[in-house]
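In: I would like the atomic coordinates for the input below:
(chains A and B)
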Amino acid sequence: MMKFRFRRQGADPQREKLKQELFAFNKTVEHGFPNQPSALAFDPELRIMAIGTRSGGVKIYGAPGVEFTGLHNDTATVTQMHFLPGQGRLLTLLDDSSLHLWEIVHQNGCAHLEEALSFQLPGRLGFDGASAPPSLTRVTVVLLMPAADMAALGTEGSSVFFLDVTTLMLLEGQTLGPDEVLCSLPDDYRCGKSLGPVESLQGHLRDPTKILIGYSRGLLVIWNQAARCVDHVFLGNQQLESLCWGRNGSTVVSSHSDGSYAVWSADAGRSPTLQPAAATTPYGPFPCKAINKILWRNCESGGHFIIFSGGMPRASYGDRHCVSVLRAETLVTLDFTSRIIDFFTVHSTQPEDEFDDPQALAVLLEEELVVLDLQTPGWPAVPAPYLAPLHSSAITCSAHVANVPTKLWARIMSAGEQQSPQPASSTSSWPITGGRNLAQEPSQRGLLLTGHEDGTVRFWDASGVALRPLYKLSTAGLFQTDCEHADSLAQAAEDDWPPFRKVGCFDPYSDDPRLGVQKVALCKYTAQMVVAGTAGQVLMLELSDMPSEHAVSVTSVDLLQDREGFTWKGHERLSPRTGPLPWAAGFQPRVLVQCLPPAAVTAVTLHTEWCLVAFGTSHGFGVFDYQRKSPVLARCTLHPNDSLAMEGPLSRVKSLKKSLRQSFRRIRKSRVSGKKRATTASSKLQEANAQLAEQACPHDVEMTPVQRRIEPRSADDSLSGVVRCLYFADTFLRDAAHHGPTMWAGTNSGSVFAYALEVPAAAACGEKRPEGAVEAVLGKEVQLMHRAPVVAIAVLDGRGRPLPEPYEASRDLAQAPDMQGGHAVLIASEEQFKVFTLPKVSAKTKFKLTAHEGCRVRKVALATFASVACEDYAETCLACLTNLGDVHVFSVPGLRPQVHYSCIRKEDISGIASCVFTRHGQAYPGFYLISPSEFERFSLSARNITEPICSLDISWPRSVTRGSYRPQESPKLSQANGTPSIILASQSCDGSPDPAHSKGTDTSEPPEAMLSPMSIDSATSADTTLDTTGDVTVEDVKDFLG
Amino acid sequence: TSQSLLFCSSSSVIISCLFGAEFRRFSLNRHKPGKFEDFYKLVVHTHHISNSEVTIGYADVHGDLLPINNDDNFCKAVSSANPLLRVFIQKREEADHYNFGAGTLSRKKKVLVALRDEGLRRRTHLDISMPHDFRPVSSVIDVDILPETHRRVRLYRHGCEKPLGFYIRDGTSVRVTPHGLEKVPGIFISRMVPGGLAESTGLLAVNDEVLEVNGIEVAGKTLDQVTDMMIANSHNLIITVKPANQRNNVVRGGRAPGGGGQSSDGPPTAHVLQNFHPDEAESDEDADIVIEGAAAPLAPTRGVPLGGLPRANGTSLAPRRPWDTALHGMGREGSTHRLLSTMRPDPRHHLVIPRGGVEEHGPALTL
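Out: Okay, the predicted model is just below:
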């Protein structure tokens, strides 16, 4: 008795070693599109792209499979990012005005991203006296001057500061204050006004000493940094938004807040230039919104591209998210569905080239990335090999199919290709191609299925690092929805001006919420699948390589079974289209079963060998024979006292959705109203005040502490009848001598129903079963005493292994189960796992998770874990995710805890709810949503981890840059670093470890010294004339300089 | 008579009497069961043991063996039968008084075996412990090993119609640590439901700090975790509390109340539940109810074409006859099932009552 309490788990060292060989927890890749992107950068030399997010994340993408991820220590918004071209280094600016330098470091041949240096702008001066840099206010723009290893920082206070990029230290003598500029201006332009914040800094492609500075008020200045003098002044009077400097340096394009842009000629010689060469308001004459960013690219074939965002007529299209592409007479207004973050062109950046010749335009939007091919007429979109907008319609469910047979894989691929034909021309390939994917070709194919709110199921290639869209299945075509006519009308209405073109696939608005996909199951051997949705629709589909036209058989199944006293108050069922309908190649619907009442389907399972599908709602469950197209069984699980079950889509859920929508609108509003840099201290304060005002009542609520009722569940708890899981198994239900098909169902109140099925046996393996009715007879009913919801049921064979899936045994794809008897059923509830003997259902082993740990089971799966040490040793275990976000692994059938890892934050409810485990496969992965648009992939197996392994050809003239500030560096090391860049590149080409770039070299240099303002460098270079000891403000500095 | 029994309405109750190894069956009107005295006479008459004194007990819906010794509990027994009432008869001189009460039926098995061995281990009992006609609802346990400032309370939920009836909340408690007094988060009882089990025991009170749930410390766990743990253990909840009112503590070893305060302010060092017998608890909550569906109708219906849904429906194919449900619904799988199978010589007789009815257990009588 006491032993029971004090029994130690896993004290056996041998078992511990084995566990280490079997289990390992790794979070490996983030699939999908980064949530809330806020900054974009592109390195034209390495051809890699970086995306920064509002939570401080940095993601770098190159060729498919080349991915780097980093996260700033502070969760501040990344406002700007700049690559040091060719160096694999990235400078980021956060909205807390800190600068961070990231490096792609090679280690053992593969590269990863790490933060090398960070620099907090000294906001105020004080303790360091003379040696301290002059005060900086907020940084508005950053310009990298790679030739000089400098960065120019434009500030709100009209100053431009210069920073040594290798050390992230201010070059104090070089600061360009507004007064130096003002003195070269004519008096009538100056008229006592400030220049406003620095809005834009542009470098000259061919003359690195020159920079173009644009001030908010409209003044443009070409500043010669070497000579420290103003070369040219353009006296603009319109509030400036952005600048672009032409390749030859003679053309300057400025865009303005009134929706106009102006072209200035720098060749005019006479400075100051008073008037632009041309000024246009493209969407005038009515008031327009600001043009936030403008690019000017010239082409060898003559003419130039003008690409700009915004500038739409305020009244009619002020709410559109548009990028306009203008070339000669051709104007296309790209109309996006989400906010534009930033955009860039892929073009020639070699200084000796005469033309930009842009190949592609990449636009980063809040919800997706769109790349257009600018070299093909019509500027078609280039399908992205990664950064898939998983959430183009909200994800409502997901499933993973591991080890997909190659034949099925090819058929799905071909269906997908027919659906979206790849552009024929070879030029329109993905332009972001940097780095090399060193990861091995995945040994097996993994398919991730996501069900969406709009009734689509998307098929993703989840075998590798990049999640690639394969095929999209839409179920909406089968049903009549109200919104179809409205759509076509809207299309026709807008064809003249502006020339809108819908781009991108992010479309969060669902036509009909009833179409939403709730459950998906795919049989990988027969290519049959079942898709079940919100209005009780259960759709059987079959993959067909040819388009066809056929009618879909429709049956409805009453799950209430004439139970009296219940009236459904929810939505109506979907009305299917009748008659033969055309279906494209791919998954084509065969049979539609509609549950009555049309509540959302909560569980579904498929047995292709028996041609049976089982489905459950909150009212009951049914079994349907889709070969004979006839119902086999319907059973009501409602408790007589359950009133909530008839409410339809729960009113509580509805209100939650409503409030979510409202909060979305609030966020939208604040984003729209705020200008580019709205997050000043005062606006933050306002926001906080507004929030406080909005939630005035919670103050009162907090007075009474949160309390929880302690009461066991009773039979008549609401929603007790919800069917949580369904399961088909060939096992011993009636007696120990005969096994046969069975169907199991588990409900929210801890009830398990087991039915014996009479399925006419197929004559030979693989053949379709003969015609003949399938019958179901109730075999057992189990009521778990603790009444917790049943989340999973599985039958274990005589050796304690889960039964294989349909066709696996008959096609020799899995070891045949032990059918000699001694079967057991594993019933997992939210509170405990229990193994019962079959056919006499008596408890054998159990583990009471909730009673011991205080956590509840959310997801479970049986999985085979292979050992790293021994090729053919594997164990079947039960993996479970709890409501606290922890993953536990238990032995089967002993139900002994093996390992547990914390996986998801417990506050991340949607992450926990979205978690999918893979049932089979050696590399035992799982997925969960870390944001509406991103899946995190994790692995529980010590073997086969899918993670990015890649390298970049970095040329980094480190000896030059480092040598300048590190004279004490040993000559030998400096020589090693001074290897010419070409050789470095070839070294990393082999994928061999590169000693010069390995982490070891990096860590040998103490970076702390560089950060310190007291270092030798700053002391020697401190020729500052400032001699103030008190707090210094911008005004102080201005006064002093003036 | 068996046929009439088969279609017995809800107003009649089937009484199945077991004396030694002998079964007798008869039925009673649920609404007019009559007097205990008459019932007693009937029982001893049907078993032909009119000359000996017997005690009569019955298995209630929770599988507990409860006594029938007056009109009230006889009435209760008959009205709770659904529709089968299992009655156990023992000669008074052999009866073990400790056998009545919660969870007793599982232990009864051993007694029955002992009876079969005819081992007449006669003992005279002095009834100085728990009155055997009552079911425990709560107890204070492990008084000998716990600090005086703590109390370990066991709440017996089974068979009790009352709700557990309390709420818990977050709070802070002051602990003595090596660094002096420290405020630490804790879980407290926040409310008692009037008339609930917790309140009626008088052992728990508002503002008592919860230290352990079934031997597992709650320190470091969130309110929701502790809630889940308590609900998961609600069938047999053992909570260790530090009562807000420390004046009613057990005085031990001559020490003044509160005298051992400094040593015992922390949580108990080991999670020893001395009086908590795992076996006992297991058998209690193992009792998931298993209802056997009638697999028998399968054979006759095989081959008959099923036209449409109503026929194909499992429930209509296998109607759950009321007595079927009742028989097994009241049995607790862990105990009764085993008990019954030991008593029945034929292992093929599972809990399913075949079509034929109930007559195979011996003569069935109708009153």
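In: check A:P405 and give its pLDDT.
Out: A:P405 carries a pLDDT value of 91.
In: meant to ask about A:D454, not that
Out: 90.
In: helix or strand for A:S910, which one?
Out: Element membership of A:S910, judged by DSSP states H and E, is helix A:909-914.
In: give me the helices and strands touching that helix, please.
Out: Using 3 or more Cβ pairs under 8 Å, 6 or more residues apart in numbering or on different chains; DSSP states H and E, the elements in contact with helix A:909-914 are strand A:857-866, strand A:925-931. (Glycine included, C-beta is placed from N, CA and C.)
In: now with 6 Å, please.
Out: Identification of packing neighbours for helix A:909-914 by 3 or more Cβ pairs under 6 Å, 6 or more residues apart in numbering or on different chains; DSSP states H and E yields strand A:925-931.
In: who does the strand it packs on touch, helix- and strand-wise?
Out: When contacts are defined as 3+ Cβ pairs under 6 Å, 6+ apart, strand A:925-931 sits against helix A:909-914, strand A:934-941.
In: pLDDT below threshold where in the stretch 101-250 of chain B?
Out: Counting by pLDDT under 70, the ranges of the stretch 101-250 of chain B that qualify are B:101-135, B:158-161, B:250.
In: is the residue of it found nearest chain A in a helix, a strand, or coil?
Out: Distances between the stretch 101-250 of chain B and chain A by Cβ to the nearest Cβ are smallest at B:Q225, namely 3.1 Å. Following DSSP: H, G, I helix; E, B strand; the rest coil, the label given to B:Q225 is helix.
In: per-residue pLDDT of A:V557, please?
Out: pLDDT at A:V557 comes out at 94.
In: is it bridged to anything, and to what?
Out: With DSSP bridges applied, A:V557 shows beta-bridge pairing to A:C595.
In: what residue in the stretch 1-150 of chain B comes nearest to chain A?
Out: Closest contact between the stretch 1-150 of chain B and chain A, by Cβ to the nearest Cβ, is at B:H62 (10.4 Å).
In: just confirm that residue is within a strand.
Out: No - B:H62 is assigned coil when assessed by three-state DSSP, not a strand.
In: picking up where we left off before, so which of the helices and strands packed on strand A:925-931 is the most packed in?
Out: Mean neighbour count (mean count of other Cβ atoms under 10 Å in any protein chain shown) peaks for strand A:934-941 among the helices and strands packed on strand A:925-931, with a mean of 23.
In: next, the angle from that strand to strand A:857-866.
Out: Computed by axes from the mean of the first three to the mean of the last three Cα atoms, to 10 degrees, the angle separating strand A:934-941 from strand A:857-866 equals 50 degrees.
In: quick one: strands adjacent to strand A:934-941?
Out: strand A:23-32 (antiparallel), strand A:925-931 (antiparallel).
In: in JSON lines: those, plus mean neighbour count and mean pLDDT.
Out: Listed next are those as JSON lines, based on neighbours: other Cβ atoms under 10 Å in any protein chain shown; pLDDT from 0 to 100:
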{"stretch": "strand A:23-32", "mean neighbour count": "20", "mean pLDDT": "87"}
{"stretch": "strand A:925-931", "mean neighbour count": "24", "mean pLDDT": "84"}
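In: mind putting those strands into TSV with distance to A:T333?
Out: Compiled in TSV, these are given as follows (distance: least, Cβ to Cβ, whole Å):
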stretch	distance to A:T333
strand A:23-32	28
strand A:925-931	30
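In: out of those, which is closest to A:S951?
Out: Judged by Cβ to Cβ, the one of the strands paired with strand A:934-941 that comes nearest to A:S951 is strand A:23-32, at 16.8 Å.
In: quick check: residues of the stretch 601-750 of chain A near chain B?
Out: When proximity is defined by Cβ under 6 Å from any Cβ of the partner chain, the stretch 601-750 of chain A lies next to chain B at A:631-635, A:705, A:707-712, A:734.
In: and those, which two are the farthest apart?
Out: So, these by Cβ to Cβ: farthest apart are A:P705 and A:R734, at 53.7 Å.
In: give me the more crowded residue out of these two.
Out: Just comparing A:P705 and A:R734: by other Cβ atoms under 10 Å in any protein chain shown the higher neighbour count belongs to A:R734, 21 against 11.
In: circling back to that earlier point, of the residues of the stretch 601-750 of chain A next to chain B, which belong to strands?
Out: Among these, the members falling in strands (DSSP state E) are A:631-635, A:707-710.
In: which one of those is nearest A:H31?
Out: Using Cβ to Cβ, these come closest to A:H31 at A:R708, 36.9 Å.
In: burial of the closest one, as a residue count?
Out: Neighbour count for A:R708, taken as other Cβ under 10 Å: 19.
In: and it, what are its bridge partners?
Out: When assigned by DSSP bridges, A:R708 has beta-bridge partners B:I168.
In: residues contacting it?
Out: Neighbour list for A:R708: B:168, B:223, B:227 [criterion: Cβ atoms under 6 Å, 6 or more residues apart in numbering or on different chains].
In: so which of those wins on neighbours?
Out: Ranked by neighbour count (other Cβ under 10 Å), these have B:I168 at the top, with 24 neighbours.
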